[in-house]
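Colleague: Test case, fold it:
(chains A and B)
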Amino acid sequence: MSLNTQRRLREVALTSDEYRAIVEALKRAPNEVELGMLGVLWSEHCSYKSSKALLRRLPSTGAAVIQGPGENAGAVNIGEGWAAVFKIESHNHPSAIEPYQGAATGVGGIIRDIIAMGARPIALLDSLRFGPQPASSHHVEGVVAGIGGYGNCIGIPTVGGEVYFEECYTNNPLVNAMCVGLVRVDRLMRARAEGTGNSLMLVGADTGRDGIHGASFASLELDETSSERRPAVQVGNPFLEKCLLEACMDLAHTDAVVAIQDLGAAGLTSSVAECAGRVNGAGAHIDVGRVPRRERGMTPYHVMLSESQERMLVVVQRGREAEVEAIFQAWDLTSAVIGHVTDDGHLTVVDGAEKVARLPISLLTDGAPPRRLVGVAAEQPPGLDLDALPPLVDAGATLLRLLASPNLSSRRGIFRRYDHMVGDATVIPPGGDAAMLRVKGTRLGLAVTTDCNSRYCHLDPHVGAQLAVAEAARNLVATGAHPLAVTDCLNFANPDRPEVYWEMEETIAGLAHACRALDLPIVSGNVSLYNESFPARGEGGPPQSGRPDGAVSSAIYPTPVVGMIGLIDDYAKRLRAGLRAEGDFVLLIGSSHNDLGGSEYLKVEHGLVAGRPPALDLARERAVDRLVLAAADNGLLHSAHDCAEGGMLVALAECCLLGGIGVRCPAIRPEAPLRMEAAFFGESPSRFIVSVSSRAMPELQSLARRHHVEISLLGLAGGDSIEFEGQFRLPLAEIRQAWEGALT
Amino acid sequence: MRFGVVVFPGTWSDRDCGWVIDQVLGADLQYLWHKDADLKGCDCIILPGGFAYGDYLRTGAIARFAPVMEKIGEFADRGGLVWGICNGFQVLCEAGLLPGALIRNASLEYRCQWTNLVVERTDLPFTSQCATREVISIPIGHGEGSYFADPATLSRLEQRGQVVFRYCDAGGRVTSNANPNGSLHNIAGIVNARGNVLGMMPHPERCAEAELGGTDGLKLFRSVAENAMKVLAS
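Modeller: Have a look, this model is predicted:
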């Protein structure tokens, strides 16, 4: 292999083995354009070559599933003729380098995936991970501003998500964006290039040189030279995408459109190849000379690899191009016929009369040799000896410190920067367990959430992944919605390291296990690898591992973000987390154990990330969820809140803060072996805090017996403080100050 | 009674206004495309929220040149009802139909939150269903909603009673803490001297149904509809 070839391989991030596979398949050496096209499509980001085999283990079928993985987004039937279309996707690497544009274009990209299914986007969620403040504030500020900048301008409400701060994300922040849309079931589109001779139209933005090699860049570790890759980060134009969105919605007025496909990572190359790849034997013929350009001097290589944003590929019935052009014209959008569908199974690229590239579609979409990686169990994280910890002295003081800690404080300072009301559908706004959107014209409510406690995943990836699924489900159940389906964004460090690949194996096994147990199909998702960086010597944060040359790496915790949607048949029955009425009984549903491993209590009070994550019994989870749903359905509950990070007392405080009502409780006297600190701050899963009127108590108790679920009385709602008799009493105002003061 | 809702490229409150007019209020709804120089017999024109033409250059700066705007100017001159909400308010200021300007929020951040407004004029066709000095609760959603005008303009507005809504606390007190964006004199909405062109930053179309958190916004839509009926009857 010549030096020149080696240099080019590095540029497109292909290995020499992969190059040999290409030559073998083509029976010739690829030219420069072909090599570039294969490079992006065989990148980890596009080909899933390291994760594909594992992903097959995830359940993706179910009665409600209309579209599983493999399309622009998944879709489930929610009744009354509607389908919910949704997907989550990462934009981690760009956001690390250029936080504002990285996050903004992440939002823009996921919206286009929903549009491509023919659906109107109705909600956005963002799952974010940063290093500790204030060092990470440039990431936080840029990402939050970027999400708001795009979502607010395009007019899609940002209704949920999560924000966590942890040392391992210092150099590798995570930005996972989820979008949910609605479409009539019979109007659902698939991005299949059907019909030989049909036209391929490129619509939206002109093509520029931005974002070239973005997909390849996303498949590398970040290092000290990464900022030089800033040109690989695209720039978003939400106004243009708003016009594109409305024009694509107007396409419903014509039946001339066969398919719509988003142009995302790997630009035109990937969208054409994927669209053709979904139809047996289909190919495509493209003339790059017809692609509208933003700048002069662009080569076919640039055009095929550009990741310019706000573009869509539309497959149009031959002879009806003018109808479609007129629709885009009305929105002042450029559209151009750039080629047509063929039946030769090849992607042929020409530049006018000149041949540029010709590659088999299957080589592009499925040719990347799967990487056989080996997983080796990571070292056991430090154990936890609870007896060695100083005892809990003042639960009230601890509560204040927990509520003021970055992972538990109020998120209002962030979500008030996002328009979460546009659309007149947000019937549960952000700030509670899950947000809920009404489906206008029906009584249906769609609850949406994202969840992952990566500290649990770090301590035990298998259990951590199960806990993420269970907690997402619980968030939905707390609103009265039945969990329906999942989209996942699997963020990991470098899988070439055996302990990281082991984390992937364990995580995916855990996800599969929990989703099967709770009947939750995973209908779409995304994998983001290489979230690991080699900072300049001396600034590396833990956890650390060596590289042969001695540089120190910081790798993220395994972070399988679970996006989940759920359904309530009448949103009038929806529940909120805040206490509603003085005199209500405040109850804990579910049972508490000594689950302090990986807890916020350990981290905040003792500076420890240690022990085993909370034990999860999926049968118990199911029983508890069913009890709450039955009680909600019967109208017994006044409020419901998931007990999660920070444990019972933090959840109880949130119920009080969100409802503006205090609570009076008898002293907590846990029965051995349950410890006092675990009773207050342990993070046992499968628990809710609910409030009910005294009249509803007997019925709730008998319902709980029927479901074999433990319920216990915590106290009575009322007053303007939280009091545990003889233990502590704190005014709500003081608690609110701690909770709201941290993140502003 | 027919409401006209203007759609610029980048407008997004059009559908929410349309929903309230059509589904909640049950009035006639006509969308007006920015390129059409025809108001199609509408009795009240709404310029809704959004980012018209991307708000590039300056909020509302390009929208004022849209063909539909010339007709709206003539309509306002004849005494027709024109109601700018959020981005629509910004467009009306740029078009010179209302005095002053909307500048970046004092926090330099977008704000989406509920605000309390004290209603200072109830003799207008937009507010006749409100009680005198009633405190209504309406959400905002903007990054550039800080009302600004030169001192002379501001004192003229105050003297002539053209301030319709002011940000206040739940008790109706006009305080700096209740001001979400740094608007001068806590101004949330103003009307022209003739009383037929209203501009307001808060979004009444987001609170016309209880399930969205409140129904105070519906009072404004109802006011317009009832007044139009009276005008038709007389």
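Colleague: What is whatever helix or strand A:Arg401 lives in packed up against?
Modeller: Applying DSSP states H and E as the criterion places A:Arg401 in helix A:395-403. When contacts are defined as 3 or more Cβ pairs under 8 Å, 6 or more residues apart in numbering or on different chains; DSSP states H and E, helix A:395-403 packs onto helix A:600-606, helix A:647-659, helix A:676-681, strand A:721-724, strand A:728-731, helix A:732-741. C-betas here are computed from N, CA, C, even on glycine.
Colleague: For that helix, which residues meet the burial criterion?
Modeller: A:Ala395, A:Gly396, A:Thr398, A:Leu399, A:Leu400, A:Leu402, A:Leu403 (16 or more other Cβ atoms under 10 Å in any protein chain shown).
Colleague: residues contacting the third one?
Modeller: Contacts of A:Thr398 were listed using Cβ atoms under 8 Å, 6 or more residues apart in numbering or on different chains, and they are A:Leu392, A:Tyr601, A:Glu605, A:Phe680, A:Phe681.
Colleague: tell me the pLDDT at it?
Modeller: Listed pLDDT for A:Thr398 reads 98.
Colleague: what does A:Ala536 give?
Modeller: A:Ala536 is given a pLDDT of 46.
Colleague: In a markdown table: the helices and strands packed on helix A:395-403, plus distance to A:Arg706.
Modeller: Output for these, formatted as a markdown table (distance: least, Cβ to Cβ, whole Å):
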| stretch | distance to A:Arg706 |
| --- | --- |
| helix A:600-606 | 34 |
| helix A:647-659 | 24 |
| helix A:676-681 | 26 |
| strand A:721-724 | 30 |
| strand A:728-731 | 36 |
| helix A:732-741 | 35 |
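Colleague: a markdown table please, covering these and showing mean pLDDT and distance to chain B.
Modeller: What follows is those, written out as a markdown table (pLDDT from 0 to 100; distance: least, Cβ to the nearest Cβ, whole Å):
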| stretch | mean pLDDT | distance to chain B |
| --- | --- | --- |
| helix A:600-606 | 96 | 27 |
| helix A:647-659 | 98 | 14 |
| helix A:676-681 | 97 | 31 |
| strand A:721-724 | 98 | 21 |
| strand A:728-731 | 98 | 20 |
| helix A:732-741 | 96 | 13 |
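Colleague: Tabulate the ones you listed (TSV), appending mean neighbour count.
Modeller: Listed next are the helices and strands packed on helix A:395-403 as TSV, based on neighbours: other Cβ atoms under 10 Å in any protein chain shown:
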stretch	mean neighbour count
helix A:600-606	21
helix A:647-659	24
helix A:676-681	23
strand A:721-724	21
strand A:728-731	16
helix A:732-741	17
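Colleague: Please identify which of these is closest to B:Gln23.
Modeller: helix A:647-659 (29.6 Å; Cβ to Cβ).
Colleague: Report the angle between the closest one and helix A:395-403.
Modeller: Counting by axes from the mean of the first three to the mean of the last three Cα atoms, to 10 degrees, helix A:647-659 lies at 70 degrees to helix A:395-403.
Colleague: What angle do helix A:732-741 and helix A:647-659 make with each other?
Modeller: Using the same axes, to 10 degrees: helix A:647-659 against helix A:732-741 is 100 degrees.
Colleague: ok, longest helix in chain B?
Modeller: If you go by DSSP state H, chain B has its longest helix at helix B:216-233.
Colleague: What helices and strands are in contact with it?
Modeller: strand B:81-85, strand B:135-142.
Colleague: all strands for chain B, in order.
Modeller: B:2-7, B:28-33, B:44-47, B:81-85, B:101-103, B:111-119, B:135-142, B:146-148, B:163-168, B:187-191, B:197-200 (DSSP state E).
Colleague: Let me have those strands in a markdown table, extended by mean pLDDT, mean neighbour count and distance to chain A.
Modeller: A markdown table is the format used below for these (pLDDT from 0 to 100; neighbours: other Cβ atoms under 10 Å in any protein chain shown; distance: least, Cβ to the nearest Cβ, whole Å):
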| stretch | mean pLDDT | mean neighbour count | distance to chain A |
| --- | --- | --- | --- |
| strand B:2-7 | 97 | 25 | 9 |
| strand B:28-33 | 97 | 18 | 8 |
| strand B:44-47 | 98 | 29 | 14 |
| strand B:81-85 | 98 | 27 | 12 |
| strand B:101-103 | 97 | 21 | 15 |
| strand B:111-119 | 98 | 22 | 5 |
| strand B:135-142 | 98 | 23 | 5 |
| strand B:146-148 | 98 | 22 | 16 |
| strand B:163-168 | 98 | 24 | 15 |
| strand B:187-191 | 98 | 28 | 16 |
| strand B:197-200 | 98 | 28 | 16 |
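Colleague: Tell me how many other residues surround A:Asp210.
Modeller: 22 (other Cβ atoms under 10 Å in any protein chain shown).
Colleague: My read is that it contacts A:Glu307, right?
Modeller: Yes. Using Cβ atoms under 8 Å, A:Asp210 is in contact with A:Glu307, at 6.6 Å.
Colleague: Now the common contact residues for the two.
Modeller: Jointly contacting A:Asp210 and A:Glu307 under the rule Cβ under 8 Å, 6+ apart are A:Gln234.
Colleague: which SSE is A:Thr450 in?
Modeller: strand A:445-451.
Colleague: so what does that strand touch, helix or strand wise?
Modeller: With contacts taken as 3+ Cβ pairs under 8 Å, 6+ apart, strand A:445-451 sits against strand A:82-90, strand A:120-130, strand A:158-165, strand A:174-184, strand A:426-428, strand A:435-438, helix A:461-477, strand A:559-568.
Colleague: contacts for the helix or strand following it?
Modeller: On the C-terminal side of strand A:445-451, the nearest following helix or strand under DSSP H and E is helix A:454-459. With Cβ under 8 Å, 6+ apart as the test, helix A:454-459 has contacts from A:129, A:164, A:166, A:168, A:381, A:463-465, A:467-468, A:503, A:507, A:556-560, A:597-598, A:603, A:609-614.
Colleague: Show the average pLDDT along helix A:454-459.
Modeller: On average, helix A:454-459 scores 97.
Colleague: swap in stretch A:52-67?
Modeller: 96.
Colleague: Need the contact partners of it.
Modeller: A:48, A:68-69, A:73-78, A:83, A:85, A:117, A:185, A:188, A:190, A:370, A:484-485, A:488, A:504-505, A:508-509, A:511-512, A:515-516, A:519-523, A:525, A:527.
Colleague: Buried only: go through the residues you listed for me.
Modeller: A:48, A:68-69, A:73-78, A:83, A:85, A:117, A:188, A:190, A:484-485, A:488, A:504-505, A:508-509, A:511-512, A:515, A:519-523, A:525, A:527.
Colleague: Out of the residues you listed, which sit inside helices?
Modeller: Among those, the members found in helices (DSSP H) are A:Met504, A:Glu505, A:Ile508, A:Ala509, A:Leu511, A:Ala512, A:Cys515.
Colleague: between those residues, which is nearest A:Tyr418?
Modeller: A:Leu511 (27.9 Å).
Colleague: Quick one: residues contacting the closest one.
Modeller: Neighbouring residues of A:Leu511 by Cβ under 8 Å, 6+ apart: A:Leu58, A:Ala465, A:Gln466, A:Ala468, A:Val469, A:Asp488, A:Ile522, A:Pro560, A:Val562.
Colleague: Quick check: which ranges of chain B have low pLDDT?
Modeller: By pLDDT under 70, the low-scoring segments of chain B are B:234.
Colleague: any idea how far chain B is from A:Asp206?
Modeller: 16 Å (Cβ to the nearest Cβ, to the nearest Å).
Colleague: Please list all residues in contact with that residue.
Modeller: By Cβ under 8 Å, 6+ apart, A:Asp206 lies in contact with A:Pro292, A:Arg293, A:Arg294, A:Ser308, A:Thr334.
Colleague: Could you find the closest non-adjacent residue to it?
Modeller: A:Arg294 (4.2 Å; Cβ to Cβ, 6 or more residues apart in numbering or on different chains).
Colleague: With chain B in mind, check whether the host helix or strand of A:Met201 reaches it.
Modeller: Applying DSSP H and E as the criterion places A:Met201 in strand A:199-204. No. Strand A:199-204 does not reach chain B (Cβ under 8 Å from any Cβ of the partner chain); its nearest approach is 13.1 Å.
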